[in-house]
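Engineer: Could you work out the structure for the sequence below:
(2 chains)
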Amino acid sequence: MPLRLQGQDYVRPAADLDRLVQELFAEIQSDEVAFEDVYETLLLYYQTPLNLNTASREELRGLLLLSETQISALLDHRQQLGPLLSLYELQSIVGFEQVRSIYRVAPFVTVQSGNQNAARGPLWQRILHEDNNALFLRYERGLQARRGYAAADTTSTGRPLSRYLGSPDKLLVRYRVSHTRDFSLGFTAEKDAGEPLIWKPGQGRLGADFYSAHFVVQERGRLKTLALGDYQLQFGQGLLLSSGLQVGKGAETITTLRRSSLGVRPYSSVLETSFFRGAAATVSLHKTVRATAFFSAKKVDANQQFATDSLAIYDTFSSGISTSGLHRTTTELANRKRLHEAVAGGNITYTSVGGDFAAGATLVGTHYDVALQRRPEPYNQFEFRGKDNLAVGLHYSYVLGNVLFFGETARSSSGGLGTVNGLLASLATNVEASILYRRYDRNFHTFYGQAFGENTRNINESGVYLGLKVRPAPRWEITGYYDQFWFPWLKYRVDAPSRGHDYLLRFSFAPTKTSQLYVQVRSRTKDQNADLTPSRSVPQPIPTERRSLLLFYDAAPSSSISLRTRLQGTHYRDDGATPHTGFLLAQDATVRLNRYLRLSARYALFDTDDYDTRQYAFEQDVLYAFSVPALFGRGTRTYALAEVKCTRHLTFWLRYAATQYRHQQVISSGLEEIEGSLRSDVKMQARYTF
Amino acid sequence: MLNGYLSLVSLFLSVTISIASAGNGPGVRGARAAALGNASVTITDVWAVGNNVAGLGQVSQTSFGFYAENRYLSSAFNNVALVVATPMGAVHTEKPPSRGVIGFEAQRFGNNLYAEQRLGLGYGYRGGQISVGGRVDVLQVSIQGLGSKRVVAASLGGQAELIPDRLIFGGYLYNLNQARLAAYEDERVPTVLKAGLSYRPTSKLMLNVETEKDVEQDADFKAGIEYQLLEALTLRAGFASLVEQATAGVGFKAGRFQIDYAAAWQSALGLSQHVGVSLQWAKK
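Structural biologist: Have a look, this model is predicted:
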């Protein structure tokens, strides 16, 4: 075994993204949120390490791992003593005394001196010689026969039953190369399970169902960023433009509350909505002023409806944009790219020299070629209607002593206002607190915004959030939040104005550098329509409470073995009814056999009364994939994952996962129905770096 | 008159929703406690006479306090209180009063349709890291047209410094004798047990958590934070989970006067406001 010499340079530890996700997301409670996209954005974000010597205050905040005091201390240190020489130097900065906080941030940052781009030759050579050129191939397939893939049949009325048109294989090809503050180039092609591979250029079908590509250059003098192809935008608090980096309410109760103005970012995820297609550029008008302009034109999935009433405002309209990105059946294919969407706008931001104060304005105009008009239900009364929406917003951010203030306020064409304002404060060296207030009118419309909130969209909500993080003793951390919210108008399945609150409390103990133990309680009370009974013939919202307990233990007894135990339970109760419970116990083990092979596996037992008490547990997956299945009923869940480093350039992942149900002869329903009690799937991925 | 009956109806609504307030319970005393989500069982100022009588033991100067509350912007829910505390025996600046502290309170809630009045006498003593206290209340409930009723309730409190100046425990048992208001439906003054912890990492910061359990209600979980931004200015925030109330407030120090303000938002009933003024009589 040759000894590797380690010089001044700190060897970056491998990023434990699973643990990071555990800390950032509290507990998944719904299938609506596109966690896959959030996770992937996070991964890509953390993939290119941030240079601590050039990073701005805003970029450091965007890491979500540093407190405002730590950021200020680092910037002061840089200003007084010049660039850091090595990551070890962090220990000498106030606020970084605890080795643990350095250990946490180390995988995601580097210490390099100056801008080395110019020294590395022209752009094409830099791209060619960049060491993170990577090509991914992924294949995935369910092993059981599902009804959607069976031979077509006819119903009793003689109409053919709907069937998936394609094979049950899921395919993904992705190429990406990037360098911090220099360039990013990428290409993605995806076919979901059930989607056909069709080559009909005349109909706009070119093999795979979804393609995405981007080319981004950064730091070309005054031109700070130029993006061509698919990109994302994040400005202010994300009220108008938000790029999928938001993690919302979680066990990290301080830093995730504020969104960072990260500007134009490349898009290489596979979520088939929530990105822009066109061009965007950021230029530096002055040392302190940056302006961004963008234009996007793309087709989105939507159904088409014709008015039956001759007095209707729109003869043809669409009752909603579909965001699933699935095109498996004739109906889904018919709605594919039905609607043309054009978005244009810009942002101008002033940042003071030290970065303490920033303020800016954002303008976003959206145009659809067919009017949008939701189904005429009372809860849709104030939803967006029409073809055009223009939204204008102002955002600010200011550091005063130990307190960071931030906020954004915007108005949409409808006259509806949205506002979100908050502060993060370091009250003592070991105590941080946060407060956030938001109010989104019932007629406030934003299509690409996703500011902090309880709802998945920023409409019909107001609320107050209080967060706290305390480290009462070394190795101990207590985090908690309390959030109270109101919905002034009706919602889907809530036929009256409603309200609710939720809180989280987590006690975390780290006995050693590599182990962690925590216990977490989370409770959420929210109004929801009660079941109709003879005595209750009108829909009436009643409070329903979901309370969860999580015990998590993560340890690495040796450098090659890591063990994780997870015990979680849920208690669900509505008005006076008998409570339902759900339970899950999972044991994970990861073994690194040698330099070439790493094996991970889980065995989990679950037992839940119903779908309301379903359990979600993060699972390890092939790199850049995300898995958190909803488990309900009674049974076991297992998976095994192998990571093989074949050569220096080629890495291979193989994963098998299975859910075995007890007392169940049929799994799922509709086209996804499986006969039997086993559902399993395989996933394979290869990465070639060059 | 109709208005009066309406407020009476909504009063009983508020009784069922917010146990910590009306209904002869221990209630809120002072805008400081109100701003902290009423997580006040470990506090040692003059308002301790109502929040946890054991806290009186550390009042080193004769102090007066006046407190007024308007709940949900309705005059029917006005609440006012006057408190006095005076140390007995020798008083040193570093030590608690050698013979303890006596406190007195007069309080009134409601209007002429429905009113609750109380006169309370309390005593607190501190020895070492432990404080204890006791209190007797004479409570009167009057409802127009129905007459009034008077009962006596006794309460006990304790506080302990688990880690001196850092971690403090407090407990308060209100109405341990379970005083009965009416034979009809065996209506009693609520018996309430409060227990909480206060963590003070620096002299400028206080974090409080507390649970409050009324025998006949679900447990309430409360938390509050107080931060002294400047010598003269203190910021506070808190919440209470059972009553679904978020709170915030400020405190000003002007010489011997301490002025506190708090606002509370109950999710269904809306805004309540609290103002408190206290005065330390003796010179420092």
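Engineer: Show me where chain B has its helices.
Structural biologist: B:2-17, B:31-35, B:48-51 (DSSP state H).
Engineer: Quick check: nearest residue in space to A:I561, chain neighbours excluded?
Structural biologist: Nearest residue to A:I561 in three dimensions, chain neighbours excluded: A:V591, at 5.5 Å (C-beta to C-beta, 6 or more residues apart in numbering or on different chains). All C-beta spots, glycine's among them, are computed from the backbone N, C-alpha and C.
Engineer: Also A:Q484?
Structural biologist: A:H501 (4.4 Å).
Engineer: who touches that neighbour in this structure?
Structural biologist: When contacts are counted by C-beta atoms under 8 Å, 6 or more residues apart in numbering or on different chains, A:H501 touches A:Y482, A:D483, A:Q484, A:F485, A:R524, A:T525, B:S241, B:E244, B:S267.
Engineer: Same check on A:R290?
Structural biologist: A:K224, A:G263, A:T282, A:V283, A:S284, A:I348, A:T349, A:T351.
Engineer: Tell me which helix or strand the fourth one sits in.
Structural biologist: For A:V283, the enclosing helix or strand under DSSP states H and E is strand A:276-286.
Engineer: Mind listing what's buried along that strand?
Structural biologist: A:F276, A:R277, A:G278, A:A279, A:A280, A:A281, A:T282, A:V283 (16 or more other C-beta atoms under 10 Å in any protein chain shown).
Engineer: ditto for stretch B:162-182
Structural biologist: B:L167, B:I168, B:F169, B:G170, B:G171, B:Y172, B:L173, B:Y174, B:N175, B:A179, B:L181.
Engineer: end-to-end on it?
Structural biologist: This stretch, stretch B:162-182, spans 41 Å end to end (C-alpha to C-alpha, to the nearest Å).
Engineer: Rounded mean pLDDT for that stretch, please.
Structural biologist: In this model, stretch B:162-182 has an average pLDDT of 90.
Engineer: Burial check on A:V217, number of neighbours?
Structural biologist: If you count neighbours by other C-beta atoms under 10 Å in any protein chain shown, A:V217 ends up with 17.
Engineer: same question for stretch A:242-250, mean pLDDT?
Structural biologist: Mean predicted lDDT for stretch A:242-250 stands at 76.
Engineer: Next: stretch A:208-217.
Structural biologist: Stretch A:208-217 comes out at a mean pLDDT of 92.
Engineer: CA atoms of that stretch as CSV?
Structural biologist: Provided in CSV are the C-alpha atoms of stretch A:208-217 (Å, rounded to 0.1, in the frame of the first residue of the first chain):
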residue,chain,number,x,y,z
ALA,A,208,-37.0,10.3,-25.7
ASP,A,209,-39.9,12.2,-24.2
PHE,A,210,-37.9,14.9,-22.5
TYR,A,211,-34.8,16.7,-23.6
SER,A,212,-32.9,19.5,-21.8
ALA,A,213,-29.7,21.2,-22.6
HIS,A,214,-27.8,24.3,-21.4
PHE,A,215,-24.7,26.3,-21.9
VAL,A,216,-23.7,28.8,-19.3
VAL,A,217,-20.6,31.0,-19.1
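Engineer: surely A:S56 meets A:V353?
Structural biologist: No. In this structure, A:S56 is not within contact of A:V353 by C-beta atoms under 8 Å, at 11.2 Å.
Engineer: you'd agree A:A291 is up against A:A280?
Structural biologist: No. At 11.4 Å, A:A291 and A:A280 do not qualify as touching, with contact defined as C-beta under 8 Å.
Engineer: of the buried residues of strand A:276-286, closest to A:Y688?
Structural biologist: Proximity of the buried residues of strand A:276-286 to A:Y688 (C-beta to C-beta) peaks at A:R277, which lies at 27.1 Å.
Engineer: partners of the closest one in the sheet?
Structural biologist: Assessed by DSSP bridges, A:R277 has beta-bridge partners A:D230.
Engineer: residues contacting it?
Structural biologist: A:G229, A:D230, A:S296, A:A297, A:K298.
Engineer: Need the buried ones from these selected in ChimeraX.
Structural biologist: Filtering the contacts of A:R277 down to the buried ones (16+ other C-beta under 10 Å) takes a single ChimeraX command:
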select /A:229,230,296,298
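Engineer: nearest to A:S92, of the contacts of A:R277?
Structural biologist: A:D230 (42.4 Å).
Engineer: what residues does the stretch 351-500 of chain A put near chain B?
Structural biologist: Residues of the stretch 351-500 of chain A lying close to chain B (C-beta under 8 Å from any C-beta of the partner chain) are A:425, A:427-431, A:433, A:435, A:464, A:466, A:468, A:470, A:472, A:480, A:482, A:484, A:486, A:499.
Engineer: one more time with 7 Å, if that's ok
Structural biologist: Those residues of the stretch 351-500 of chain A that sit near chain B, judged by C-beta under 7 Å from any C-beta of the partner chain, are A:427-428, A:430-431, A:433, A:435, A:464, A:466, A:468, A:470, A:472, A:482, A:484, A:486, A:499.
Engineer: Separate out the buried members of these.
Structural biologist: A:427-428, A:430-431, A:433, A:435, A:464, A:466, A:468, A:470, A:482, A:484, A:486, A:499.
Engineer: biggest separation within the buried residues of strand A:276-286, which pair?
Structural biologist: Top of the distance list for these (C-beta to C-beta): A:R277 and A:V283, 21.1 Å.
Engineer: who's the residue of the stretch 501-650 of chain A found nearest chain B bridged to?
Structural biologist: Proximity of the stretch 501-650 of chain A to chain B (C-beta to the nearest C-beta) peaks at A:H501, 5.6 Å away. Beta bridges link A:H501 to A:Q484, A:T525, judged by DSSP bridges.
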